[in-house]
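K.L.:
no sequence for this one, just the structure:
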């Protein structure tokens with residue numbers, strides 16, 4: 001830049017006095033350039049400081065938000081762990097119920113997958129790290145728990161259906177003593193026949209009871225056969241045969257009176273006749289048989305009361 005000499009003259013108002021300053025233009029330029037540079041540096045420093053302050057504020061806010069989220073995730077994980085513990089307890093009970101109704105238990109590995117899923121790590125094995133990763137891990141584990149709950153619901157429905165099926169089977173299975181009280185005078189199996197004094201197989205049990213004692217159906221069923229006429233000293237005398245289904249029948253013999261008719265539906269504890277000594281009998285008693293698939297079976301194996 002070419003150096004020139006400049007001059008500034010100041011006059012006083014109303015007077016003839018004046019002042020005069022002389023200066024070089026190059027020096028003024030550098031003064032102004034230096035001042036502008038200082039202003040630029042200060043402005044840039046302020047901008048950088050302000051930007052850093054804003055960034056630090058945002059980072060601090062994000063850290064606080066992230067820490068708050070992690071705290072909430074820890075609390076949520078604790079609740080989910082508690083729910084998982086309760087679900088595991090319900091699953092154990094579910095397996096016990098399955099065994100009770102004669103269903104196979106569900107394997108732990110199958111329960112871990114649930115309905116239509118894969119095995120995931122246990123929630124306590126999931127490490128808390130980045131909030132986003134932890135949310136994904138927790139969400140995945142909740143999906144697994146949901147599938148396990150769905151499997152438990154399906155198992156419970158299966159148990160209920162099996163229980164109903166078993167209940168019907170139980171209703172039609174002889175389980176009670178057909179005469180209240182009384183005394184068993186002859187059991188099932190080979191014995192000395194009192195009439196011919198030879199060893200013969202006894203197909204039922206004899207329960208001695210007073211004449212006219214009520215005889216009850218030992219299970220639900222349909223009366224298949226009744227004999228109301230008897231010849232003394234021959235056969236079963238007056239008798240009732242009930243078909244309980246599933247290949248099971250029961251015979252009530254030597255009755256003094258028959259109180260049901262063929263085709264009649266009966267339930268357990270319905271009175272089907274009265275104790276007597278008709279047919280081939282010595283003294284009042286009930287001859288009771290349980291016949292399974294055409295073969296006489298020990299009735300004592302079916303008497304639960």
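P.N.:
Nice, I can see it. Every value quoted in this text rests on a predicted model; they were computed, and no experiment measured them.

K.L.:
so what's residue 262 up against?
P.N.:
223, 224, 225, 226 (CB atoms under 8 Å, 6 or more residues apart in numbering). Any C-beta I mention is one placed from the backbone N, CA and C, and that applies to glycine too.

K.L.:
Would you list the strands that the top strand by length along the chain pairs with, along with their directions?
P.N.:
Under DSSP state E, the strand in the chain containing the largest number of residues is strand 248-258. Counting by DSSP bridges, the strands paired with strand 248-258 are strand 238-245 (antiparallel), strand 271-275 (antiparallel), strand 285-292 (antiparallel).

K.L.:
can you put the ones you listed in a markdown table and add mean neighbour count, distance to residue 252 and mean pLDDT?
P.N.:
Formatted as a markdown table, these follow (neighbours: other CB atoms under 10 Å; distance: least, CB to CB, whole Å; pLDDT from 0 to 100):
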| stretch | mean neighbour count | distance to residue 252 | mean pLDDT |
| --- | --- | --- | --- |
| strand 238-245 | 22 | 5 | 96 |
| strand 271-275 | 21 | 6 | 97 |
| strand 285-292 | 23 | 6 | 95 |
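
K.L.:
Present these as a markdown table; the columns should include distance to residue 164.
P.N.:
Listed next are the strands paired with strand 248-258 as a markdown table, based on distance: least, CB to CB, whole Å:
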| stretch | distance to residue 164 |
| --- | --- |
| strand 238-245 | 15 |
| strand 271-275 | 27 |
| strand 285-292 | 23 |
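
K.L.:
Let me know the average pLDDT across the strand or helix carrying residue 79.
P.N.:
Using DSSP states H and E, residue 79 falls within helix 25-100. Averaged over helix 25-100, pLDDT sits at 74.

K.L.:
Specify the next element, helix or strand, located C-terminal of that helix.
P.N.:
helix 108-113.

K.L.:
Which elements pack onto that following helix?
P.N.:
helix 131-171 (3 or more CB pairs under 8 Å, 6 or more residues apart in numbering; DSSP states H and E).

K.L.:
Show me what the next helix or strand after the helix it packs on is packed up against.
P.N.:
Sequence order places strand 183-186 as the next helix or strand after helix 131-171, per DSSP H and E. Applying 3+ CB pairs under 8 Å, 6+ apart, one finds that strand 183-186 contacts strand 205-208.

K.L.:
what's next to the strand it packs on, contact-wise?
P.N.:
By CB under 8 Å, 6+ apart, strand 205-208 touches 177-179, 182-188, 283-288, 298-300.

K.L.:
ok, now with 10 Å
P.N.:
With contact meaning CB atoms under 10 Å, 6 or more residues apart in numbering, strand 205-208 is reached by 177-179, 181-189, 191, 213, 215, 253-254, 275, 281-290, 298-300, 303.

K.L.:
With stretch 92-100 instead?
P.N.:
By CB under 10 Å, 6+ apart, stretch 92-100 touches 87, 103-108, 111, 151-153, 155-156, 158-160, 162-163, 166.

K.L.:
Put the buried members of those into a PyMOL selection.
P.N.:
This is the PyMOL syntax for the buried subset of the contacts of stretch 92-100, where burial follows 16 or more other CB atoms under 10 Å:
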select buried, resi 87+103+105+106+111+151+152+155+158+159+162+163
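
K.L.:
mind checking which of the strands paired with strand 248-258 is nearest residue 197?
P.N.:
strand 285-292 (18.9 Å; CB to CB).

K.L.:
Distance from the closest one to the middle of the chain?
P.N.:
In terms of CA atoms, centre = their mean, to the nearest Å, the centre of strand 285-292 is found 43 Å from the chain centre.

K.L.:
now do stretch 216-236
P.N.:
That offset, for stretch 216-236, works out to 47 Å (CA atoms, centre = their mean).

K.L.:
next one: stretch 78-92
P.N.:
11 Å.

K.L.:
rewinding a little: would you mind listing which of the contacts of strand 205-208 are buried?
P.N.:
Using 16+ other CB under 10 Å, the buried ones in the contacts of strand 205-208 are 177-179, 182, 184, 186, 188, 213, 215, 253-254, 275, 281, 284-290, 299, 303.

K.L.:
Show me which positions of stretch 83-95 end up buried.
P.N.:
84, 87, 91, 94, 95.

K.L.:
on that earlier part again, among the strands paired with strand 248-258, which is nearest residue 139?
P.N.:
Comparing the strands paired with strand 248-258 by CB to CB, strand 238-245 comes nearest, at 52.2 Å.

K.L.:
what pLDDT does the residue most central in space within the chain get?
P.N.:
Using CA atoms, centre = their mean, the residue of the chain that lies closest to the mean C-alpha position is residue 152, 3.4 Å off. If you check residue 152, the pLDDT there is 88.
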